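1. sequence plus predicted model, see below.
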Amino acid sequence: MASGRNDDALTWDGDDDPTLAAASSARPGQHDTEPETVVLPEGYTAVGKGSDRIGGAATDEDVDADDAPAPRREAAAPVRDRPLGNVALVSLGVLGGIYLLFTVGWIIGGIRLDPIAVLLVSPAASVPAVWLAVLAPALWFVTVFLVTRRSPAWLRFTLLGVGVLLLVPWPFIMLGAVGS
């Protein structure tokens, strides 16, 4: 510890460490006696707490070329998606794994049902039906994920849960990997 700084991970001191960069010279509880006046770009109005300290619209003298307001965003421009939290990301991973297992279950179940399906319906009908069943879990997951990008997280997880209930690979569950 040649620098005089205690780098132990289990200590709580260090708030007065001179090597840490301070955001401003004033502490959070202290206020300057003369508040800084902020000038808004043209067309903007300050509302809410502290709006009395905000100045009116900027004049040409107040705005430099670098500080000019950005042009307004078009209505058709995409809105940024909400970032997902850690629990939501892990839950999406678990649900994605379930849907992947359902896809494998539909493949195995479709292979097991193929000899029986040929007796009941034409292969021209059973093969596309098996392929749709195999692709259904992946299509459901991707569709729900894309459609609910700007929706609340509870809606996304509700729709993914409904898909888990609807897309259960019944041929695999009833016949198993070996069958009878």
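-> Nice, thanks for sending it over.
2. next, the buried residues of the helix or strand hosting L139.
-> Taking DSSP states H and E as the definition, one finds L139 inside helix 123-147. By 16 or more other C-beta atoms under 10 Å, the buried positions in helix 123-147 come out as S126, V130, A133, V134, A136, P137, W140, F141, V144. Every residue, glycine included, has its C-beta placed from N, CA and C.
3. does the closest residue to the last one other than its chain neighbours belong to a helix, a strand or coil?
-> Among residues not flanking V144 along the chain, L159 sits closest, at 4.6 Å (C-beta to C-beta, 6 or more residues apart in numbering). The assignment at L159 comes out as helix when based on DSSP: H, G, I helix; E, B strand; the rest coil.
4. now R149
-> R149 - assigned by three-state DSSP - is coil.
5. for G43, same thing?
-> With three-state DSSP as the criterion, G43 was assigned coil.
6. which phi and psi does it have?
-> phi 100, psi -10 (degrees, to the nearest 10).
7. try L40
-> Torsion angles, degrees, to the nearest 10, at L40: phi -90, psi 150.
8. can you tell me the SS state at V47?
-> coil.
9. so who does it touch?
-> The contact partners of V47, taken as C-beta atoms under 8 Å, 6 or more residues apart in numbering, number zero.
10. next one: phi and psi at it?
-> Dihedral angles (degrees, to the nearest 10) for V47: phi -130, psi 160.
11. all set, thanks.
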